[in-house]
Each structure stands twice: as C-alpha cells, then as structure tokens.
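Enquirer: How does the following fold in three dimensions:
(2 chains)
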Amino acid sequence: MRKRWLWLICSFLAIYLVNFLIPRLMPGDPFRYTSSVSGDDLDAGYSAEQVEQLRAYYRLDEPLAGQLLDSTARALRGDLGDSIYYKKPVAEVLAERLPWSLGLMAASLAVSLTAGTVFALWAARRRNADRVLYPVCSVLAEVPAFLLGVLLLFLVAARVRWIPLSGGVTPFARHADFGERLSDLLIHALMPLCTMVLAQLPQFFFTARACFLSELEKPYLLAARAKGLREGRIRFHYLLKNSAAALVARIFLSVSTAVGATLLVENVFAYPGIGRVLREAVAYRDFPMIQGVFLISSLLVLVCLFLADRINGDSAGGEG
Amino acid sequence: MQPVLEVQNLSVEYPDGFALRPVSFSIAAGETLAVIGESGSGKTTLVRAVADLFSCRWARVSGKVLLEGENLVSVGEKRLRQLRMRRFSVVFQNAASMLNPALTLRAQLYEVLKKQLPRGEWPQRAERLLERVGLSAGDLDRFPRSLSGGMAQRFLIACAVALSPALVILDEPTSALDPGAGAGLTALLRELQQETGCAFLLITHDLAFARALSNRIVVLYRGQVEETGETRALLDAPRHPYTRGLIGASAELMPLRDLWGIRPAVEEAGRGCPFFGRCTQSAGPCREEPPALLPAPGDPGRLVRCHRGGIVTRLEGRGIGKQFGGQTVLHDVSLRVQSGETVALIGASGSGKTTLASILAGFLPPDAGKILFEGEPADFASLHRTEGGLQMVFQDSESALNPAFSAGQAVCEPGNLARLPDCEARAHAALREVGLPDGDDFWNRRVSHLSGGQMQRLCLARALTMTPRLLVADEPTSMLDPSSRANLLRLLKGLQNARGFSMLMVTHDLAAAAKVAERVFRLEAGGLVELRREELLALGLS
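Expert: Have a look, this model is predicted:
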C-alpha cells in the first residue's frame, strides 16, 4: 500500500516537472510570437523594453531553476499564476472552463458504461448479437476520437438543422427558464457527447464482455441453471454483480482516455471546455495556462488510475 | 409402485464419441442408488444428462429420464425450470465454487424458496433449514467466501432439500471433505432422507461412503453399466472383474490390504467388451462382441455385463475329506478360488493346511469330494505339465529340488517336461522376477550349494516359468528375511494384478496374509472358517 502511495507521488512529481519544462523548451515566445494560427493576429509586436517588462511581470526572466521554485511555491498556495493570453489568473480560467469538460467526460463515461454493459450482456447470451457487436466495436476502438468527431460533424450535424455545429450554448441567448437553458445546453452537448461515447463504448463493451464470458464459465452458473432461475436473474445477480468491480475499475481507467478525447473533441465542436483553452494556450505559448491545464488533467488521470488499481487489487484479493 | 426416477436407455454422445452408452436404472422413493466408477467413467455426464444441465448443443442426449412419470429429456426448458428444486435438485461437488460470491446465503436460499413459498414464510423456513443441516441461522447473512468447504456443502444440501423434492442428485459429496467429515455427512443425509422420503442418486468414487449410504450400486465403466446389485452383496462379493478392481483399490474398504489399481490396458478395447484390455480373464468373444448386461447365475438381483458370466471360479473343491491313520484331518471342506484372487489358508500347525493345499493342487488324492478346475473335473496330470495350468510351490524347497541339478537346470525343468520352445529365456526372466541373479555364475551353481532363501525363490521361479493360472504356494516366504519377504509378496501380487492368475497361499503369517489376500480362511478341527473383514481388522489393529 505504501508503495502505491509512493508511486503516485513520484509520478505526480515527474509529470509536474515535465509540465514545467515542455512549454519553456518549445520554440517560440509568448510575447514575440503571439500567434501562428491566423495572420491577422500578428500585431506590430512589443518593443524590446515592453517585452522585458512583461517578462519581469510574468517572472519569465529568471533562470529555469528559480522559475521552478517560484511557481511551485505559488502553486502550493493555490496560485497557478496569470494567463498571458487571457489576462486573467489561470485558476479563474480553469474554474470557468473545467465544468464544461468535466460534465462532458462524466456524461460520456456514464452513457458508454451503461451502453457498453448492456450490449455486452446481450452479446454474452446471444451469439448472433455478438457476431455483429464484436467487430463493430473492434473497428470503433481503432478510430481516433477527433476523427469520429469530424465524421459526425459532417455526416450528422451539418445535415440536421436543429443540431448546432459548435459551441456550448447559444451565444447571447436569454433563456426564459431553467428548462429552456438545460435543453439548450443538452442540444449543444449532443454531438461532442455522441463522439465521446462512440470513442469510449468499445472499452466498456470489451471489458464487460470478457467479464461476462469468464463468469459464464464459472461453476456457480451451472448451479444457477440447476436452480431453474430466470434468465433476467442470472444476468443481473450472477453476471453483472460479479463483474461490478472490474467495470468500476474500468471507469477510472477510462478517465485517461476520456481526458485525451475531450481535449481533442472539444476543438472539433468548439466546445468551451479546457480542451479549447489548451489549444489557445499552446498557440500563444501561454506557459502558465498550459501548465495549469496539464496540472489539473494529469492530477485527475493519476488519481483515477490509482483508484482503479486499488479496486482491482481489492477485488482480486478478496476473492480467495 | 411407480419409481421416483426411471432412466431408460439414456445415452449421451459427444462429437468425439459416446460418453454414456444406453444406461437404464430406477430408484424408488426413500431409496439411495449409488453410481460408482473411476474418473472418466461417465459419472458426471450421467448427472448432467439426468438433471438436463448440458449447456452445449454438441451433447446429443437420447433415451428417457422419467421423473415421477414425466420425461425430463423432452419436457422443454420452461417446464424443467418449474421442476428444478421443486421435484429434483442437485448437490454439486466442490460446493464452495457453486455459490455465487456476490450474494449472501440468504439471497441464494431465497432464490429457491420463492419458487414455491409465499414471501412471508421465507425467513423462518431459511433459518430452520440452516439449523437442520448443522449451520446456524446467523450464517444466512454471510457471503460464500467466508465459508469452509464443508459448510458450503451443508448449505447446498439445505438448498437441495428446501422444497422437499422427490429426487436429490448428490455428485461426489465427499470429494472436498476432510476425512472425518464423511461420517457426519452420512448421518445427515440419512436423516434428511427419512424425514422427506426423497430418493438419492449418489455419484461417488468413495466406496465406503457408498456402502454406508446406498441400498443399491450401479458400477459404471466407460459410460456403460458393468454390474448392478444390492450394495452389501455387491461390495462383499463382486461379480465383475472391474468391480473387484475398484474394491481392491479402495483404501477405505480395504484398510489392511496393499492397494492395487486396475492394471492399465494392454490392448485398446475395440468393438468388444470395453474392459477387454484391462481384464485379466478376457477370452475369445470378449475382443469382438460387446457383452450384454445379464442376471448373474444364482443371483437374480445382480446384473453383470461379462461374456464369462463375471469373475471365473478357477478352482473349486467340494466336500473334501481326508483321513490319516483313522484320524480325520479334513472333513467336508469346500473352497473356491476365483480368477485373479489370492486366498490365504491359515491355521495352527497340524491343522491340515498343507494337506488341503496338496489335495487341491493334485499332489494328494482326497478320500472324499471332488475338485473342479474352471468348472471341469481337474485333470492334474495335464494341468501340471502345461503352460497356464496349475503349479505348486512346496514348503520344503530343499527336498523339492534335485540337488544334483544346476540352478539353471532346475528352473528349466518344468518347461522342458512340458516341451515349451523357449525354456531358457523364460527361466532367465523368472529368475530376474524373483530377485535372483541370472548370470552364468548362478545359472551353473549346484542347487545343493544354494541357501534356503535362494532355494525357495528358485522353486517359485520354476513355477512362474509355466505362467500358471493357479499357483498353490505352501509357506512361500518362510525362509526369507522381512525385506525379501516383502519384495516377494509384492512381486507375486503385482504379477497377479497384471496377469490375473489365482493364488492359494498357505501361511502361518497372518499379517502378511491380510496384506495380500482377498479372502482368508482358517482351518480348525478339519473345517474351514472364513475370517470376516471385521475380524481381520481387529487382528490387524491388535
């Protein structure tokens, strides 16, 4: 147990260090090189003195070691620094944008867990269903999430009038009541959510299917048949209950892919989560912002992996 | 009265062959039928076929399984589901792995109770059932992983009898139990049977357990019934060589005797009797024609599947009497020696052991009675001189051997007299078998220069060169040290197990007799008394 904690802390420190170094080792400069995306953004630029001032302001003029100590000390106090591009504290930007991403991830995980498990239950008991579901999921698992997003955007969203192409909410809309606002939010989340679900469903399907198939081989399934139990009872109380631990662990394992997918998918649909923030921060070499996004997402992934490990370990140890 | 279970020509075929050939039997209410056999004999297939638990389409089941008149093979899954646990139930082996680890015992027992009882009665009934099988009501809220194997099994039994079914199938109930737990289980099952009147179909390879619990036994080999009969009669006097082999291999039934498994097949069974290759008395028709299951001669309750009518009686002495100088030594003595068995004769010196052995071996004419060899009046002159006949090893080996012969000549003598073609090769093999050197040095040594123990073994080697069907040995180990004695007895028993010859052994060494003999007789006042199993046990323990 102590070993696992140590492992968690070491991994976090290593990631923190990489997060700190990578933006600074990238070519480019947040003040000279404001954008590489569109020519319009290339403004006249700052004068040499201005740049010096800005550097001092953002404390980027110190040597790397000094910067590291300084930003670590401030991060420990909860201060993640100020975003150069957004001109706001990083923590504030994150607090604003994170709920969008977290919501998308949580909803997609919940939907793909449910759908994947239901499909797997179906496939485990019906050979014909398995013949279709297994290859479909195998193909789906190989397609990158952003590509799925682009496909959905072109094939569905672009053709169906009532599905918005981008954004998280209708701009400048005034909602009469909560229900209207909710439906507006939901309809904007629909396409990104579908993409994420399609990307993650295979993992849950395969995990659940493998669990169910191994459960089906267990002696107590023979006993269940000898008891003359109904199919529904066998599926729920024998297959599903005994696979629960593995499926919950799968959720936490899937968070890492969910984070990766959400960063990309949000950009496809211009969804206002941290994926968009990251893209802009990278584009403008907004070091503190990049660091903040990485910090929060890697923390999330690490903690979830740690939890998955514990669940798997507990259920393996508890079976004896 | 209608039997609870009637199995008619039930057979199961897997793609790679038959797992169960047509099998028929029936069980009455309150009766226990035990099915015994080695692993791979089709016992588990039988359970699955009777309880309709094949999950795969590749097992083809045909025949009828009539449970209270209803054919389970054809009623369909829906009706089966209604009947399960209510009219028949199964207690599986390895009970602990048969319980769903995610549910408490309570939930798993309720799954059964709800098939028949209103919800209100469940808790009370569940508690009563658990207490009935020796668990406590508090165990209901435990999960299976906190139970021992024995507790899990008791719980499975509670589930199986919960709805008082007419038939309970017990699949190897003792396999996962500690040795001591078997007796408690027997008592519990007996009581439950008395209370509910259900019939048990007991599948086991534990013969002591089958003996304690069952009324009748079915012996299964390669998916075929080899023998059936009343439990005690069948275990005390098996008619089929396979049954005898199983009993001989059972440490529980034969705590004193050396254990010998049935010999491995020397030849694969073809179309004929499935036991052909492992049987030591197989003859012509056994190879080609499958035998039928027929009533054993003289015992209509016993069915045996054997071309030879079961274990062959090799030698039978009827009403033998002998007097020496007006004094009766033997009076109306009858004795049978079956193929492949060892019979030991014990008794005080002067009780007539050697006399009886000599008469039975044809070296001394009896005053009264007759001797049959394989059902025919014994023609000793030819039996002594042919291969596969009768050979005797005398007690006084020194006077049994011509002192002028060399060892090699002595061993070759019987073969030469019988004009066997490969005498010398046989002689060398026999010498090695009895643990004597077969080099030239020993071969050319004069018999008179050998030690007592060497002469005794030489006599035995002589007899073995003739591959006799009956070996009569008078004190064959009297001159040997304990280690040589053990080796020789194990050798004889091993040869017997592999070749199936019969042995009549005269000895004063009761401990050795109990180790090797199937049956032990004591000669007392001119008559024979068979020592029962319990008496032998008592002797062995003292």
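Enquirer: Need the CA coordinates for stretch B:483-503. CSV is fine.
Expert: This file holds the C-alpha atoms of stretch B:483-503, laid out as CSV (Å, rounded to 0.1, in the frame of the first residue of the first chain):
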residue,chain,number,x,y,z
SER,B,483,12.8,-57.4,3.3
SER,B,484,12.9,-60.3,0.8
ARG,B,485,9.6,-61.4,2.0
ALA,B,486,8.0,-58.0,1.3
ASN,B,487,9.6,-57.9,-2.1
LEU,B,488,8.4,-61.4,-3.0
LEU,B,489,4.9,-60.9,-1.8
ARG,B,490,4.7,-57.6,-3.7
LEU,B,491,6.1,-59.3,-6.7
LEU,B,492,3.5,-62.1,-6.6
LYS,B,493,0.7,-59.6,-6.1
GLY,B,494,2.0,-57.4,-8.9
LEU,B,495,2.2,-60.4,-11.3
GLN,B,496,-1.3,-61.4,-10.2
ASN,B,497,-2.6,-57.9,-10.8
ALA,B,498,-1.1,-57.8,-14.3
ARG,B,499,-1.7,-61.4,-15.3
GLY,B,500,-4.8,-62.4,-13.3
PHE,B,501,-3.6,-65.7,-12.1
SER,B,502,-5.1,-67.1,-8.9
MET,B,503,-3.1,-67.9,-5.8
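Enquirer: now what about that stretch, what contacts it?
Expert: Under the criterion C-beta atoms under 8 Å, 6 or more residues apart in numbering or on different chains, residues B:241, B:258, B:260, B:263, B:279-281, B:314-315, B:337-343, B:433-435, B:453, B:457, B:460, B:464, B:467-473, B:476-477, B:480, B:512, B:515-516 lie in contact with stretch B:483-503. Any C-beta I mention is one placed from the backbone N, CA and C, and that applies to glycine too.
Enquirer: One more pass at 6 Å, please.
Expert: The contact list for stretch B:483-503, computed with C-beta atoms under 6 Å, 6 or more residues apart in numbering or on different chains, reads B:260, B:263, B:280-281, B:314, B:337, B:339-342, B:435, B:468-471, B:477, B:516.
Enquirer: and the residue in the stretch 201-350 of chain B positioned nearest to chain A, what does it touch?
Expert: Proximity of the stretch 201-350 of chain B to chain A (C-beta to the nearest C-beta) peaks at B:Leu201, 13.5 Å away. B:Leu201 makes contacts with B:Leu33, B:Ile169, as judged by C-beta under 6 Å, 6+ apart.
Enquirer: before we move on, what about A:Arg181?
Expert: Contact partners of A:Arg181, counting by C-beta under 6 Å, 6+ apart, are A:His175.
Enquirer: try it again with 10 Å
Expert: A:Val169, A:Thr170, A:Ala173, A:Arg174, A:His175 (C-beta atoms under 10 Å, 6 or more residues apart in numbering or on different chains).
Enquirer: Once you drop chain neighbours, what's closest to the second one?
Expert: Nearest residue to A:Thr170, sequence neighbours excluded (C-beta to C-beta, 6 or more residues apart in numbering or on different chains): A:Asp184, at 5.5 Å.
Enquirer: Pretty sure the one you found sits in a strand.
Expert: No - applying DSSP: H, G, I helix; E, B strand; the rest coil, one finds A:Asp184 to be helix, outside a strand.
Enquirer: I'd assumed A:Trp162 was in contact with it.
Expert: No - using C-beta atoms under 10 Å, A:Asp184 makes no contact with A:Trp162, being 11.5 Å away.
Enquirer: neighbour count winner among the two?
Expert: The neighbour comparison of A:Asp184 against A:Trp162 (other C-beta atoms under 10 Å in any protein chain shown) goes to A:Asp184, with 16 against 7.
Enquirer: mind listing what the more buried one touches?
Expert: A:Asp184 neighbours (C-beta under 10 Å, 6+ apart): A:Pro164, A:Gly168, A:Val169, A:Thr170, A:Ala173, A:His175.
Enquirer: Which residue does chain A have closest to chain B?
Expert: Closest contact between chain A and chain B, by C-beta to the nearest C-beta, is at A:Gly228 (3.1 Å).
Enquirer: Burial check on the closest residue to that residue other than its chain neighbours, number of neighbours?
Expert: Leaving aside its chain neighbours, A:Gly228 sits nearest to B:Arg84 (3.1 Å; criterion: C-beta to C-beta, 6+ apart). B:Arg84 is flanked by 24 other residues according to other C-beta under 10 Å.
Enquirer: For B:Arg84, name its beta-bridge partners.
Expert: Counting by DSSP bridges, B:Arg84 forms beta bridges with B:Phe88.
Enquirer: mind listing what it touches?
Expert: With C-beta under 10 Å, 6+ apart, B:Arg84 has these contacts: A:225-229, B:51-53, B:72, B:90, B:112, B:115, B:163, B:165.
Enquirer: Over to B:Thr243?
Expert: Per C-beta under 10 Å, 6+ apart, neighbours of B:Thr243: B:36-37, B:207, B:217, B:219, B:221, B:226-229, B:234-235, B:237, B:304, B:310-311.
Enquirer: and the least confident of those?
Expert: The member of the contacts of B:Thr243 with the lowest pLDDT is B:Gly310, at 83.
Enquirer: Next, please give the residue ranges for the strands of the stretch 151-300 of chain B.
Expert: B:167-171, B:199-203, B:216-221, B:224-230, B:293-296, B:299-305 (DSSP state E, counting those that start in this stretch).
Enquirer: want to throw those into JSON lines with distance to B:Ala59?
Expert: Converted to JSON lines, these look like this (distance: least, C-beta to C-beta, whole Å):
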{"stretch": "strand B:167-171", "distance to B:Ala59": "17"}
{"stretch": "strand B:199-203", "distance to B:Ala59": "17"}
{"stretch": "strand B:216-221", "distance to B:Ala59": "17"}
{"stretch": "strand B:224-230", "distance to B:Ala59": "17"}
{"stretch": "strand B:293-296", "distance to B:Ala59": "23"}
{"stretch": "strand B:299-305", "distance to B:Ala59": "24"}
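Enquirer: out of those, nearest to B:Phe324?
Expert: With C-beta to C-beta, the closest approach to B:Phe324 among the strands of the stretch 151-300 of chain B belongs to strand B:299-305: 38.3 Å.
Enquirer: buried residues in stretch B:16-35?
Expert: Of all the residues in stretch B:16-35, those buried under the rule 16 or more other C-beta atoms under 10 Å in any protein chain shown are B:18-29, B:31-35.
Enquirer: Report the entries of the residues you listed that also contact chain A.
Expert: On the criterion C-beta under 10 Å from any C-beta of the partner chain, none of the entries of the buried residues of stretch B:16-35 sits beside chain A.
Enquirer: per-residue confidence for the residue in chain B positioned nearest to chain A?
Expert: Going by C-beta to the nearest C-beta, chain A is nearest to B:Arg84 of chain B, at 3.1 Å. The score at B:Arg84 is 93. That number is its pLDDT.
Enquirer: wait, does stretch B:154-171 contact chain A?
Expert: Yes - residues of stretch B:154-171 contacting chain A under C-beta under 10 Å from any C-beta: B:Leu156, B:Cys159, B:Ala160, B:Ile169.
Enquirer: do stretch B:43-62 as well
Expert: Yes - applying C-beta under 10 Å from any C-beta, one finds stretch B:43-62 in contact with chain A at B:Val47, B:Arg48, B:Ala51, B:Asp52, B:Leu53, B:Phe54, B:Ser55.
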